[in-house]
Structures are given as C-alpha cells and as structure tokens.
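K.L.:
only geometry, no sequence info:
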C-alpha cells in the first residue's frame, strides 16, 4: 500500500503481513457477550480486527491521508478469505472460543503457511499448529493400519501352521500314536496363547 498521490505526497509504502486476532476487550467495550454472539467473534469471522504491516519504504503519514493498494501478490488470500478458512467454521466450542479450525484442504493450509508475506505471528502460528495436528493424525492412522495388517498376517500364518499340524496329527493317529498327536495339538494352541496378540 502507498499513499494516494504518490511520492509527491508521501514516499510511504507498507505491506500487510498479518491480520490481527481481536481479544475479549472488544466485547467489553461494545457491551457484547463472550462467545459466538460477541463482537470479538464477529470481527474475527469477518477480518475486522485490524492488521499488522511491514514498512517497506519510510515516509510521512498524517490524518486524512489515504492508503491505496499498488500490488496484490497473493490475490487468492484476501483477509476475508483467510479469515473464513481459519475461523469461519468449526465445532460450536471452537467457534464460540474463537479457536482456529481449518475449513479447506491440507494443500491449501500448506500454501498459506508458505506465503512469504505472512508474518509468523497469531494466524500463521495457529495455521502451523493445525498442520502439525493434521500430520500427527495421518501418522497415527498409518501406524494403526500397519499394525492391523501385521496382525492379519500373523493370524494367516497361524492358520497355515494349524493346517500342517492337523495333517501331522492325522498321520500320527493313523499309525496309532495318539498320545503324540494330542501333544502336538495342545502344544500348538499353547503357543498361540503365548505368541498371538489376537488371542490374548
């Protein structure tokens, strides 16, 4: 953003780096309740909490001067769009307590975090935490799937072993070694109890 009228009026150029997350004080000032019906929640949902800016070129700023946008490097990520994605949805508790909950795809969350203009404060910090939680859940799901696959393979292997033991027992019975057959069968099922997490 630059001052309307250009350098002849003021050389000031600023870059918006982060939206501001309003606090509960705005509720007190306007006499609104905490929660989903408060002014804090309204300002957060509609990106009306203000913003932080980085001064790119120093210059004069006085009452009555007007800032005009001269560049828009991330046209997709407007304040209203970013606010809606981070704070516009979520569970009733998260919505009422003004906590972040991502409303888009993981790829978009990663894209937001990688924006070079977005300062590492408030909104970006919460976006990073959301991505970490997302990846933790993915790792947990992957580990559980691998564990289930290993358990199924273990059961399958025991099934093959049981079939072989049954054949051996059959031949032992046929040759009148009944005691040996019973010992093999009992030994196999005892080993299942000791080794298989499925049967414990």
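P.N.:
That came through fine. Since the structure is predicted, the reported quantities are computational estimates derived from the model, not experimental observations.
K.L.:
which residues are in contact with the residue nearest in space to the middle of the chain?
P.N.:
Geometric centre of the chain, nearest residue: residue 134, 3.0 Å, by Cα atoms, centre = their mean. Contacts for residue 134 (Cβ atoms under 8 Å, 6 or more residues apart in numbering) come out as 102, 106, 109. The way it works is simple: take the backbone N, C-alpha and C, and place the C-beta from them, glycine included.
K.L.:
next, it: secondary structure please.
P.N.:
With DSSP: H, G, I helix; E, B strand; the rest coil as the basis, residue 134 sits in helix.
K.L.:
report the buried members of the contacts of residue 134.
P.N.:
Buried subset of the contacts of residue 134 (neighbour count, 16 or more other Cβ atoms under 10 Å): 102, 109.
K.L.:
from the contacts of residue 134, which ones fall inside strands?
P.N.:
The strands, defined by DSSP state E, take in nothing from the contacts of residue 134.
K.L.:
now the contacts of residue 134 as CSV including pLDDT and distance to residue 14?
P.N.:
What follows is these, written out as CSV (pLDDT from 0 to 100; distance: Cβ to Cβ, whole Å):
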residue, pLDDT, distance to residue 14
102, 88, 28
106, 92, 32
109, 93, 27
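K.L.:
need the contacts of residue 134 in JSON lines (columns: distance to residue 18).
P.N.:
Output for the contacts of residue 134, formatted as JSON lines (distance: Cβ to Cβ, whole Å):
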{"residue": "102", "distance to residue 18": "17"}
{"residue": "106", "distance to residue 18": "22"}
{"residue": "109", "distance to residue 18": "16"}
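K.L.:
among the contacts of residue 134, which are in helices?
P.N.:
Where these overlap with helices, as defined by DSSP state H, the overlap consists of 106, 109.
K.L.:
identify, from the contacts of residue 134, the entry nearest to residue 119.
P.N.:
residue 109 (16.9 Å; Cβ to Cβ).
K.L.:
identify the residues contacting the closest one.
P.N.:
102, 127, 130, 131, 134.
K.L.:
from residue 139, how far off is the nearest residue to the fourth one once chain neighbours are set aside?
P.N.:
When the adjacent residues along the chain are set aside, residue 131 lies closest to residue 109, with 5.4 Å between them (Cβ to Cβ, 6 or more residues apart in numbering). In this structure, residue 109 lies at 16 Å from residue 139, with Cβ to Cβ, to the nearest Å as the measure.
K.L.:
and what of residue 46?
P.N.:
Distance from residue 46 to residue 139, counting by Cβ to Cβ: 35 Å.
K.L.:
what's the answer for residue 42, then?
P.N.:
Distance from residue 42 to residue 139, counting by Cβ to Cβ: 37 Å.
K.L.:
higher neighbour count, these two?
P.N.:
residue 42 (17 against 10; other Cβ atoms under 10 Å).
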